[in-house]
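In: Sequence and predicted structure, then a few things I'm wondering about:
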Amino acid sequence: MEPQAFISKIKDTAIEENKKVGIPASLTIAQAILETGWGESELAKKANNLFGLKGTGPAGTYEKESPEYQNGKKTMEKSIFCKYNTWDECIESRTERLLNVEYAKVIGADWRTACTEVWKAGYATDPKYPSKLIDIIQRYELYQYDKGEYRMSKLVVIDPGHGLPDPGACGNGLQEHERAFALAQLVKNVLSRHGVTVLFTRNGERSLSSATNLKTNKNEDLAARQRFSNSKATDFFLSLHMNASDDPASNGYETLCYSQNGQIEALHVAIKAFLQRHGLKDRGIKIRTDLAVLKVKAKAALLECFFISNPKEAALMKDAAFLLELAEAIGQGVLTAIGIAYVPMKKPETPQPTPPKEEKKLMKTEDANKIIRVLQDRWNASTCQDEKKEMGRLADEVRVAAGMKKVNG
Ligand SMILES: [Zn+2]
């Protein structure tokens, strides 16, 4: 790819990430250039992977041999790389990696420092990696894309409860893992709207473990969620669930936490008004030191959003408008907990109903039909082809004047 075409294709998203989390845009662009040889590499072309990111991506995996350095010696090794649907998706995925605590010194650094720190943190094994990046940034003046000021956005990890093979509680035609995920996406929208960076513990419907034994799977899954949150500079960890009970009358909403504090109270208070508005029961804040998922380093809460076993509440959780309003309330609570002022969503402007187009009719339909009938009689009575043709033409003129379709072409 031509250098300018490559830079234009990637720079906007790189600048966006720069503003959002403080990763220099020049570093992002230079790394992509270096790793893909201006977008020409097999990984870039076949897997939209611009950074040699290993693992499983949103579009699956891509297997390929790549150079690895051990004690400065280069060897070729087969590795599994992430596959992406788009370049933007890949850039976002790299941001998620750089939010890991070991890359803390890259965030907010000037581009020169960032080039060295990203290597020191273990991003690449090639000892010449930092100088290669610096060279690219200088030669193509990529530093012009760096924003001096970025707002260090808060980081919220949303944990949609459960994940197959564990569907969570089931009832009234709902599965907990699925509703939790739907709600998580809506809460993410609210937080993103306020400039908060949001990461999910699980991005698909499956749990984070591949163990076939259900109990092992659950344990590994919960540990992985905890590890994920702890590996980032997480400001708040929000786990979303639905409650269940043998008694279909059990109802209400509750906030679970490891220890009660101001943030948890702020989160719960924000939802009270919503509950009152809908006449729903507030079961309050409950301390649960036994829940593994709440034992993360960040401030954490687990929300039991109503009872899947209660037909009325299950119906509410199926309702798109209700879910949207609930997500706003939860989002507002999380924002308050992390010290960001909530701004209500702008009401979408009600589109002005467009008046039905007035058909410009020169003649009333019934008048037209009267004339057409006369013309038809004349047509039937006539033996002259020219006259017949003329009657047909006149009838069509009348039809057009009355807003009808021509018949005689
Ligand atoms: Zn649950």
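Out: Looks like it arrived, so ask away.
In: Please work out the residue of this protein nearest to the ion and name it.
Out: His241 (3.5 Å; Cβ to the ion). C-beta: built from backbone N, CA, C; applies to glycine.
In: ok so that residue is a strand residue?
Out: Yes - according to DSSP: H, G, I helix; E, B strand; the rest coil, the state of His241 is that of a strand.
In: Number the residues from 40 up from this point.
Out: In the new count, where the first residue is 40, that last one comes out as His280.
In: Distance check, it against Lys59.
Out: From His280 across to Lys59, the span is 29 Å (Cβ to Cβ, to the nearest Å).
In: Comparing the two, which residue is more hemmed in?
Out: His280 (25 against 18; other Cβ atoms under 10 Å).
In: What score does that one have for pLDDT?
Out: With respect to pLDDT, His280 scores 98.
In: OK, contacts around Leu363?
Out: Residues in contact with Leu363, defined by Cβ atoms under 8 Å, 6 or more residues apart in numbering, are Leu225.
In: Verify the assumption that it is located in a helix.
Out: Yes - when three-state DSSP is applied, Leu363 is found to be in a helix.
In: can you pull out the strands in the stretch 140-289 of the chain?
Out: 194-199, 209-210, 213-214, 236-239, 275-282 (DSSP state E, counting those that start in this stretch).
In: so where's the stretch 40-189 of the chain uncertain?
Out: 187-189 (pLDDT under 70).
In: okay, now Asn290: neighbour count?
Out: With neighbours defined by other Cβ under 10 Å, the count for Asn290 comes to 17.
In: Is it in contact with Ile347, as I believe?
Out: No - assessed by Cβ atoms under 8 Å, Asn290 is found out of contact with Ile347, at 11.0 Å.
In: Give the full set of residues in contact with the closest residue in space to the residue of the chain closest to the ion that isn't next to it in sequence.
Out: Distance criterion Cβ to Cβ, 6 or more residues apart in numbering; nearest residue to His280, sequence neighbours excluded, is Gly200 at 3.9 Å. Counting by Cβ under 8 Å, 6+ apart, Gly200 touches 207, 215-216, 219, 278-281, 341.
In: Would you agree Gly442 is in contact with Lys400?
Out: Yes - Gly442 lies in contact with Lys400 (Cβ under 8 Å); the separation is 4.7 Å.
In: Would you mind listing what in the stretch 90-239 of the chain touches the ion?
Out: Proximity of the stretch 90-239 of the chain to the ion (Cβ under 5 Å from the ion) is limited to residues 200, 207.
In: again, only using 8 Å
Out: The stretch 90-239 of the chain has residues 200-201, 207-208, 215, 219 near the ion, with proximity defined as Cβ under 8 Å from the ion.
In: Export those residues as a markdown table, with columns for pLDDT.
Out: Listed next are these as a markdown table, based on pLDDT from 0 to 100:
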| residue | pLDDT |
| --- | --- |
| Gly200 | 96 |
| His201 | 96 |
| Gly207 | 96 |
| Ala208 | 96 |
| Glu215 | 97 |
| Ala219 | 97 |
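In: can you tell me which of those are in helices?
Out: 215, 219 (DSSP state H).
In: Report the buried members of the residues of the stretch 90-239 of the chain next to the ion.
Out: Neighbour-count burial (16 or more other Cβ atoms under 10 Å) is assigned, among those, to 200-201, 207-208, 215, 219.
In: need the residues you listed in TSV with distance to Val140, can you?
Out: Listed next are these as TSV, based on distance: Cβ to Cβ, whole Å:
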residue	distance to Val140
Gly200	25
His201	27
Gly207	30
Ala208	34
Glu215	31
Ala219	26
